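Novice: With the sequence up front, the predicted model follows.
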Amino acid sequence: MSRRLLLIGGALALLLVAPAAALAEAPQVATYEVTITNHTTGQWFTPAVVATHRRGFDAFDVGRSVSFEVKEIAENGNIDPLVSAAQASRAVWDTKVVLGVSGPPPIAPGSSVTFEITAARGAQRISWVSMLICTNDGFTGLDSVRLPSRVGESATFDTNAYDAGSEINTEAWEDLVPPCAMLTGFGDQGGTAVSNPALAENGVIAMHPGIAGVADLVRRHAWINPVATVEVTRTK
């Protein structure tokens, strides 16, 4: 056999083998449809920060101190630090910021938002965090739950309200984020989107005790758990 035929044969072999190798190395990506429903009657949620990831990414743990990123959401409605942390993490596959479907960006009481997110094989967990806007440091979300594995399979998760344990629950307008009063019909009552060191609690994440009515928050801001439902379906 001539050298030319050997070279041609080798080239054909590479053409046959290379695509298979490339396919083997490419991540297998799944697509999911996710619906978040706010079950409260008087609590708006901040835009949802959602990530699909491996075990190496940990949004929050009940019974442990809150991270800076989740504290910023729970106290100040500031989603940027958690978005940045998720996007920078090698354990995260996909990150979404999900807005309300109408009106202001937050997710309104009684409303749902639906979106798509992807996950690669090995990164089949999902986490989500949103602030309960009319609280000092309340939030809800999911922490590293498994995604459905088969196309067409669905999973539903109920989520409770958590207290970040980072700020005393004064329930006073001056210590709440300004959108609370405006979104719930009380007009401009001031407020702040910056943490106040004088209110630092230095506790741990726990079930939220609810609205006590000790200052400006009233019955309409109260809730019954679960405050939200997350429905996830693998579509591809």
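Specialist: All right, it came through fine.

Novice: Quickly find the element holding the spatially most central residue of the chain.
Specialist: Taking Cα atoms, centre = their mean, the centroid of the chain lies closest to Trp128, which sits 2.0 Å from it. Under the criterion of DSSP states H and E, Trp128 resides in strand 125-131.

Novice: do the same with Arg64
Specialist: Under the criterion DSSP H and E, no helix or strand holds Arg64.

Novice: And the nearest residue to it once chain neighbours are set aside, how far from Phe60?
Specialist: The shortest distance from Arg64 to any non-neighbouring residue, by Cβ to Cβ, 6 or more residues apart in numbering, is to Val204 (5.6 Å). C-betas here are computed from N, CA, C, even on glycine. Look at Val204 and Phe60: by Cβ to Cβ, to the nearest Å, they are 10 Å apart.

Novice: And the strands in the protein?
Specialist: 29-38, 48-53, 92-98, 112-120, 125-131, 138-146, 154-159, 162-163, 206-207, 228-234 (DSSP state E).

Novice: Which of those strands sits closest to Lys71?
Specialist: Nearest of those to Lys71, taken as Cβ to Cβ: strand 138-146 at 9.3 Å.

Novice: distance between the closest one and the chain's centre?
Specialist: The chain centre lies 7 Å from the centre of strand 138-146; the measure is Cα atoms, centre = their mean, to the nearest Å.

Novice: And for stretch 52-61?
Specialist: The answer for stretch 52-61 is 11 Å, by Cα atoms, centre = their mean.

Novice: What is the least confident helix or strand in the chain?
Specialist: Lowest mean confidence among the helices and strands of the chain (mean pLDDT, DSSP states H and E): helix 3-25, at a mean of 36.

Novice: show me where pLDDT drops low in the chain?
Specialist: Where the chain drops to pLDDT under 70, the residues are 1-27, 103.

Novice: so His221 touches Trp44, yeah?
Specialist: No: using Cβ atoms under 8 Å, His221 is not in contact with Trp44; the gap is 10.0 Å.

Novice: overlap in contacts of those two?
Specialist: 134, 180, 184 (Cβ atoms under 8 Å, 6 or more residues apart in numbering).

Novice: If we only consider those, which is nearest to Val232?
Specialist: Taking these together and measuring to Val232 by Cβ to Cβ, the closest member is Cys134, at 27.2 Å.
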